[in-house]
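Student: Need a 3D model of the following:
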Amino acid sequence: MRHAGFTWHDGALLAQGLGVSLGLFAGTFLIGLILGSGAAVVRHFRVPALGTLLHTGLELLRNSPVLVQLFLVFFGVPALIHQPLTPVFAAGLTLSANTAAFVYFIAVAGLDAVGRDQVEAARAFGLSRIQLVRHILGPQALTFAVAPLVGLAVNQLQVTSLVSVIGVVDLTKAGDILNLRTLRPFAVWAMVGVLYFAAAKTLTLLGNRWERRLRAHAAPLGL
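Tutor: Numbers count the residues shown, from 1 in each chain. Below you'll find the model as predicted:
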């Protein structure tokens, strides 16, 4: 069987796929970070009914496979609403919700780590809930949560590879296309693996740098 050689078009295809993977990761992680943190704040202030509902839903997301969630959104939801979803939209919706679930539990642990005495003191000085989150809870909870968030970010970057199964041309799908054209599976998947590793390593280094800055800032305050 004859193997095709690599061309600059192949490199462009992998670069495009990497861009899709990074863009999908960045967008869904940001959305998940906002939604998960918001849900954790709702739970922290013990909002009746809503807090319990959010906790139950997010726990279901955290403890079920991402691939099953992806199939449910891409194949199941259109069957209910009689309207197809684009692969990118389904992938974005699924990964955002999945990220929110993990962020929620990390944020809850961070908020619970903040001393109740500080919260009570802040309330005694008349701080509103928004001011309490912004000036007391948020900064301290972030100090506790940053390391788990960095680990989650690396994991969610790798999870984006699953979207290739519903037709999103991410890095993994680009590798699959390239493999079928060249019939060089070892070389192709080695390149794909190196690109994922490079992206994850860069993310880890940036996250560690951010963590050191936060801890250096918090140290004089005794946090």
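Student: before we move on, which element is Phe102 in?
Tutor: Assessed by DSSP states H and E, Phe102 sits inside helix 87-113.
Student: Give the buried residues for that helix.
Tutor: Buried residues in helix 87-113, counting neighbours by 16 or more other C-beta atoms under 10 Å, are found at 87-88, 90-108, 110-111. Any C-beta I mention is one placed from the backbone N, CA and C, and that applies to glycine too.
Student: so the lengthiest helix in the chain versus helix 87-113, what angle?
Tutor: In the chain, assigned by DSSP state H, the helix with the most residues is helix 8-44. Put simply, helix 8-44 runs at 40 degrees to helix 87-113, going by axes from the mean of the first three to the mean of the last three C-alpha atoms, to 10 degrees.
Student: Work out the gap between helix 8-44 and the centre of the chain.
Tutor: Helix 8-44 has its C-alpha centroid displaced from the chain centroid by 6 Å (C-alpha atoms, centre = their mean, to the nearest Å).
Student: I'd like the average pLDDT over that helix.
Tutor: The average pLDDT for helix 8-44 rounds to 93.
Student: cool, and stretch 104-124?
Tutor: Mean predicted lDDT for stretch 104-124 stands at 77.
Student: counting contacts, what elements does the helix holding Phe102 pack onto?
Tutor: With contacts defined as 3 or more C-beta pairs under 8 Å, 6 or more residues apart in numbering; DSSP states H and E, helix 87-113 has these neighbours: helix 8-44, helix 50-62, helix 66-71, helix 138-159.
Student: Can you add mean neighbour count and distance to Thr204 and give those back as CSV?
Tutor: Output for the helices and strands packed on helix 87-113, formatted as CSV (neighbours: other C-beta atoms under 10 Å; distance: least, C-beta to C-beta, whole Å):
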stretch, mean neighbour count, distance to Thr204
helix 8-44, 18, 14
helix 50-62, 15, 22
helix 66-71, 17, 21
helix 138-159, 18, 6
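Student: which residues does Gly17 contact?
Tutor: Shown in contact with Gly17 (C-beta atoms under 8 Å, 6 or more residues apart in numbering): Val169, Asp170, Leu171, Thr172, Lys173, Ala174, Gly175.
Student: List the ones among those residues that fall in helices.
Tutor: Counting by DSSP H, these place Leu171, Thr172, Lys173, Ala174, Gly175 in helices.
Student: now Ser164: how far from Pro87?
Tutor: 9 Å (C-beta to C-beta, to the nearest Å).
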